[in-house]
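J.: Could you look at this predicted model? Sequence included:
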Number of protein chains: 2
Amino acid sequence: MFNDFIKFESDLPIMLKEQLIKCHKNIQPYIHNTPVLTSQSINEIVGTELFFKCENFQKMGAFKMRGASNAIMQLSKTQKEKGVVTHSSGNFAQALALAAKNIGVKAFIVMPSNAPQVKKEAVSGYGGNVIECEPTLKARTQCAQKIVNEEGATFIHPSNDINVIIGQGTAAKELLETHPDLEYIFTPIGGGGLIAGTALAAHYYGNNCRVVGGEPFEADDAYRSLKSGKIESNLTTNSIADGLKTELGDQNFPIIQQYVDQIIRVTEKEIIQAMRLIWERMKIIVEPSSAVALAALLKEKQSFQNKKVGIILSGGNVDVNQLPF
Amino acid sequence: MFNDFIKFESDLPIMLKEQLIKCHKNIQPYIHNTPVLTSQSINEIVGTELFFKCENFQKMGAFKMRGASNAIMQLSKTQKEKGVVTHSSGNFAQALALAAKNIGVKAFIVMPSNAPQVKKEAVSGYGGNVIECEPTLKARTQCAQKIVNEEGATFIHPSNDINVIIGQGTAAKELLETHPDLEYIFTPIGGGGLIAGTALAAHYYGNNCRVVGGEPFEADDAYRSLKSGKIESNLTTNSIADGLKTELGDQNFPIIQQYVDQIIRVTEKEIIQAMRLIWERMKIIVEPSSAVALAALLKEKQSFQNKKVGIILSGGNVDVNQLPF
C-alpha cells in the first residue's frame, strides 16, 4: 500500500535480532508471557481466524511493561544509581515506575497536573516519584529535563527509544513462537513503539507475516507520516483511544516505514463497537486503544478473509466509571 | 459450622462418581476446559492463594452449559426426538438452547414476557423456541407443563436435576485435576446446582477439600435452609446477583446438607466491590452473581489466611449498559 514511500535500502542489522533475543531473556522475570485467546463468534463475524495476544493481562495492565523493563536493564550501573525519568500520564508512567521498582532503580515520573488522581496514585503505588507540571508538552519536557540536569537521571522516552521498541517487540515474538503461521499481525499505533517492535519481531520470527496498524482518524499522524514520508503531527487528538494521541519519532519511524504494511484509520464509533465486541464476546476488559486494532480489521475485513491474523490487545487499564457504553 | 444440621448418615453411592466421570467425557465436545487464572494483587488483598476457574469464558458465557449438555445427553432416543423444555430468564435458557442445538434436539424455552429483549434474542440466536408467559412462577410452571403435555418434550430443571448437578460438577473436577491441593472451593449459591455439583467433585477428587457457598443477604434461602434443616424460600430477592434469586430443591439440598461446609452471606455493596475488584485487577468480565463467591471470601478472609482456595467464577453475561459502577 505504501510502496511509493521512501524506504531504507538496506535491511536492519542482524544486531537488532540479537538484541531482541537478549532482551526477551532479560525481562522474563518481570513480565508475563501473556495468554493467546481465540473467539469463535468473532472469527465468524470477521471471516478469519484470530489470535488475540492479551497484553491487557500483562503486569500493570499493558505491554508497556516490556519496553520499560528493557530500557532500564540496558543502563550502566552508574546510570541505574541515578535513576530514570519520563513524562507520561498513561500506561508508560506506571510501567516505568513498576519496572524501576522491580530492578531497584529510582523513577521520576513527570505527570500533568490535570491527570486523574487515580493515575497519580497508581504510579505512587508502584513506588514512583510523581512530579506534577503544567499540562502542556513544553512544560512536561522542561520539567523532565530539569530532573535530568539536577538528579543525573536518565530520560526514557515512552516510544521513541530503541530499547523500548525492542522490549515491546517481545509480545509479537511470543505470539509468533506459538503461532508461527500468522499471515498478519494487527496492532494499534500511537507513539509507534509497539508497532515498530512488532514489525521487527514479525521480520525476524514471522513467515512472511505482515504488520498492519490501526489508528483513530482523530489522531492519524502515523497514517499521514507514511503518506508524506516525514513525521507529521496530529491535527486533532479528540479520540477515546487516549493511549494513541502521541506521535511518531525518529527512532521508530524508519522501522515503521520499512516494515509496516499499511495503516487503517477508524472512527470513534468503530473503536467503541470493537471494544464492546471484545468485552461482550470474549469477556475480557480492554481499553479503547486496544480495540483500535480489531476495529481496523473489521473495517477492511473483506481484504483478510480466511487468513490467520494475530491481534495485539495492548492494555486493559480503563476507568469503569467512565465507559463509552 | 452446620454440624448441628440433619445430615445423611450414609455416603453417596459410588455410582455418582462414575456418572461424573462419564458425564465429563461425554460433554467434552460441547464445552471448554476453561482456564484457571491467578492474581497476585488479589492474593495480597485476601492473604491467601487463589485459583479462579473462569466459567465466564465457558461457551455461552456460563457454567450452565455443562449441566444442560449432560442432561440432554442422558435422554433416550425417543425423548430426544420430542425435545426439551425449561423455564428460565437467565443463563440456563441460553445454555439449554445451545446444548440442544449442538446435540440436534428441539428446545422450548419458557421466558417471562418482561425478560429483556436481548436475552430472548440470545436464546433465539442459539436456535431455541422462545415461548413467552406472564412473569410469575405459576405461569412459567404451567406454560412449561403445557409444552410437556402437548409436545411430549422432557422438562429439564435448571438446578434441581441430578444430571444437571453432575454436569455442573465437572468445572470443579477440572479445577481439582490441575490443582489437587486446594483446601477450599468457593462458589456462589442460587438454585443449588453448581454448589451441589462442586461438592460432589470435591468429595471425589479433592484432598479434604471443603466447599463454601457465597449467597446474597437479599436472597439467602440456602443459608436459612441449612440452618433449619428444610428447604426455605427467599424472603426477598432484591439482589443485583440476578442468577442467585432461585431456590434449592429436593435433589440438590441433601447433597448440600451433607457436603457443603458453610455458607457466607454478603451485602449488595460487598458484591459490587468484589465484582469491581475482579474487573479492575484481573481485566476479565464477570457477572454480579460470579462475584458473590469472592465477596464471601473477602468478608471472612481472616479464617482463610495462607490457604489455597479455588473460586468458581460462574459466568460473564452482563449488560454493559447497566453496570453498578
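T.: Looks like it arrived, so ask away.

J.: What residues does the stretch 151-300 of chain A have near chain B?
T.: The stretch 151-300 of chain A comes close to chain B at residues A:276, A:279-280, A:282-286, as judged by CB under 8 Å from any CB of the partner chain. (Each C-beta comes from the backbone N, C-alpha and C, glycine too.)

J.: Please narrow those to those residing in helices.
T.: Of these, the ones assigned to helices by DSSP state H are residue A:276.

J.: ok, the residues of the stretch 151-300 of chain A next to chain B vs residue A:248, which is closest?
T.: residue A:286 (23.1 Å; CB to CB).

J.: What backbone torsions are found at the closest one?
T.: Residue A:286 adopts backbone torsions of phi -120, psi 150, taken as degrees, to the nearest 10.

J.: got a pLDDT number for it?
T.: Residue A:286 is assigned a predicted lDDT (pLDDT) of 97.

J.: Same question for residue A:322.
T.: Checking the pLDDT column for residue A:322, the value is 89.

J.: Same check on the one 3 residues further on?
T.: The confidence metric pLDDT takes the value 90 at residue A:325.

J.: surely it meets residue A:273?
T.: No. In this structure, residue A:325 is not within contact of residue A:273 by CB atoms under 8 Å, at 9.3 Å.

J.: higher neighbour count, the two?
T.: More crowded of residue A:325 and residue A:273, by other CB atoms under 10 Å in any protein chain shown: residue A:273, with 17 against 12.

J.: Might you report the residue contacts of the residue lying closest to residue A:214 once chain neighbours are set aside?
T.: Nearest non-adjacent residue to residue A:214, counting by CB to CB, 6 or more residues apart in numbering or on different chains: residue A:296, 3.1 Å away. Residues in contact with residue A:296, defined by CB atoms under 8 Å, 6 or more residues apart in numbering or on different chains, are A:186, A:212-215, A:264-266.

J.: Mind checking what helix or strand follows the helix or strand hosting residue A:296 in sequence?
T.: Using DSSP states H and E, residue A:296 sits within helix A:288-299. The helix or strand immediately downstream of helix A:288-299 is strand A:308-313, counting by DSSP H and E.

J.: starting at the chain centroid, how far to that following strand?
T.: Averaging C-alpha coordinates over strand A:308-313 and over its chain gives two centres that are 14 Å apart (CA atoms, centre = their mean, to the nearest Å).

J.: so that strand versus helix A:288-299, what angle?
T.: Counting by axes from the mean of the first three to the mean of the last three CA atoms, to 10 degrees, strand A:308-313 lies at 160 degrees to helix A:288-299.

J.: tell me the average confidence for strand A:308-313?
T.: On average, strand A:308-313 scores 98.

J.: That one near chain B at all?
T.: No. Strand A:308-313 lies out of reach of chain B by CB under 8 Å from any CB, never closer than 9.5 Å.

J.: just checking, what packs against that strand?
T.: strand A:49-54, helix A:162-178, strand A:184-188, helix A:288-299 (3 or more CB pairs under 8 Å, 6 or more residues apart in numbering or on different chains; DSSP states H and E).

J.: where does residue A:235 sit relative to chain B, distance-wise?
T.: Distance, residue A:235 to chain B, by CB to the nearest CB, to the nearest Å: 32 Å.

J.: got a list of what the closest residue to chain B within the stretch 151-300 of chain A touches?
T.: For the stretch 151-300 of chain A and chain B, the shortest gap (CB to the nearest CB) falls at residue A:283, measuring 3.7 Å. Shown in contact with residue A:283 (CB under 8 Å, 6+ apart): B:56-57, B:61, B:284-286, B:316.

J.: try 7 Å
T.: Shown in contact with residue A:283 (CB atoms under 7 Å, 6 or more residues apart in numbering or on different chains): B:56-57, B:61, B:284-285, B:316.

J.: From those residues, list the ones also adjacent to chain A.
T.: B:56-57, B:61, B:284-285, B:316 (CB under 7 Å from any CB of the partner chain).

J.: What about those, which are in strands?
T.: Using DSSP state E to define strands, no part of those is located there.

J.: For those, which two are the farthest from each other?
T.: Every pair of the ones next to chain A among the contacts of residue A:283 checked by CB to CB; the farthest is B:61 and B:284, at 11.7 Å.

J.: Could you look up the SS state of residue A:181?
T.: coil (DSSP: H, G, I helix; E, B strand; the rest coil).

J.: Just the pLDDT at it, thanks.
T.: 98.

J.: hang on, it packs against residue A:308?
T.: Yes. Using CB atoms under 7 Å, residue A:181 makes contact with residue A:308 at a distance of 5.8 Å.

J.: Settle it for me: which of these two has more neighbours?
T.: More neighbours surround residue A:308 than the other of residue A:181 and residue A:308, with 15 against 11 (other CB under 10 Å).

J.: quick one: the helices in chain A?
T.: Using DSSP H, helices in chain A cover A:15-27, A:40-46, A:64-73, A:77-82, A:91-103, A:117-125, A:137-151, A:162-178, A:193-205, A:221-228, A:253-259, A:268-277, A:288-299.

J.: To residue B:21, which of these lies closest?
T.: helix A:40-46 (27.2 Å).

J.: re earlier: centre of the chain to the helix holding residue A:296, how far?
T.: With CA atoms, centre = their mean, you get 14 Å for helix A:288-299.

J.: Over to stretch A:312-319?
T.: Centre to centre, stretch against its chain (CA atoms, centre = their mean), the figure for stretch A:312-319 is 10 Å.

J.: Only the buried residues of that stretch, if you could.
T.: Across stretch A:312-319, burial judged by 16 or more other CB atoms under 10 Å in any protein chain shown covers A:312-318.

J.: Among those residues, which one lies nearest to chain B?
T.: For these, the nearest to chain B is residue A:316 (3.7 Å; CB to the nearest CB).

J.: That closest one reaches residue A:56, doesn't it?
T.: Yes. Contact status for residue A:316 versus residue A:56: in contact at 2.9 Å, counting by CB under 7 Å.
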